[in-house]
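Undergrad: no letters, just coordinates:
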């Protein structure tokens, strides 16, 4: 009965998926004494939510299926990228080390709320557009426009992946310049974050073009955009990057977020 109730709605399925995943990751973090493993499951969580809602939805549509598959591809790619980085670094991220030091012996249970539950809630809210696609289903209102948005989402996924590859190669170069200014990084100081935000705006656009009733889920891409610009993305990263020699000049000639293609 409980399983039938949960799977009756994509929103409930997504919430249950996020809850089970984040609880499992929290327990694993206690075993490893490493809360930063949550980072790799940020992308993986979206992929898992998309997969479970796709498999259990009774209102499957072509656009909904394609949207879910796009999210799965985005989430799996990000999970693999962050998992590889976590294995390479071999220690807990400094952000979580600071939190652990601040909370002391209480961190193990406080992290349930300050790290895992909070990220699970954000994950569920950002997932609303594609869960709405599974909820409403049916024929697409504007299938051509939905496909355009989905193609744009794949373009954003390519940009994000290639920008991450460029950054990884730069960090591994022993003779690297103080600041990465090549590839996508000559157009924006945070091409991976910009592409990430663009992907979720495109997913929202694809869903609304197919199902106008889902227009209310606009808070999903807004939340992701805000996080990437003002919270865990560009704003936080640049606090340390500004100390690098030459970064002031880089800031003066390169946009912070939206790519500067000409001028």
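TA: The structure has been received and is ready for your questions. Please read these numbers as outputs of a predicted model, since none were measured by experiment.
Undergrad: for the rest of this, base every contact and every neighbour count on C-alpha atoms.
TA: Fine.
Undergrad: what helices and strands are in contact with the longest helix anywhere in the chain?
TA: When the chain is parsed with DSSP state H, its longest helix is helix 143-172. Under the contact criterion of 3 or more C-alpha pairs under 8 Å, 6 or more residues apart in numbering; DSSP states H and E, helix 143-172 touches helix 62-89, helix 191-210.
Undergrad: point out where the stretch 1-150 of the chain drops to low pLDDT.
TA: The model of the stretch 1-150 of the chain has pLDDT under 70 over residues 1-2, 5-6.
Undergrad: ok, back up a step: list the buried residues of the longest helix of the chain.
TA: 143, 145-147, 149-164, 166-167, 170 (16 or more other C-alpha atoms under 10 Å).
Undergrad: also stretch 18-33?
TA: 18-19, 21-23, 25-26, 29.
Undergrad: looking at these, which is nearest residue 211?
TA: Comparing the buried residues of stretch 18-33 against residue 211 with C-alpha to C-alpha places residue 18 closest, at 24.3 Å.
Undergrad: my read: that closest one touches residue 51, true?
TA: No: under the criterion of C-alpha atoms under 8 Å, residue 18 is not in contact with residue 51, lying 11.8 Å apart.
Undergrad: circling back: among the helices and strands packed on helix 143-172, which is nearest residue 102?
TA: The closest of the helices and strands packed on helix 143-172 to residue 102 is helix 62-89. By C-alpha to C-alpha, the value is 22.4 Å.
Undergrad: quick one, the longest helix of the chain and helix 191-210 angle?
TA: Put simply, helix 143-172 runs at 170 degrees to helix 191-210, going by axes from the mean of the first three to the mean of the last three C-alpha atoms, to 10 degrees.
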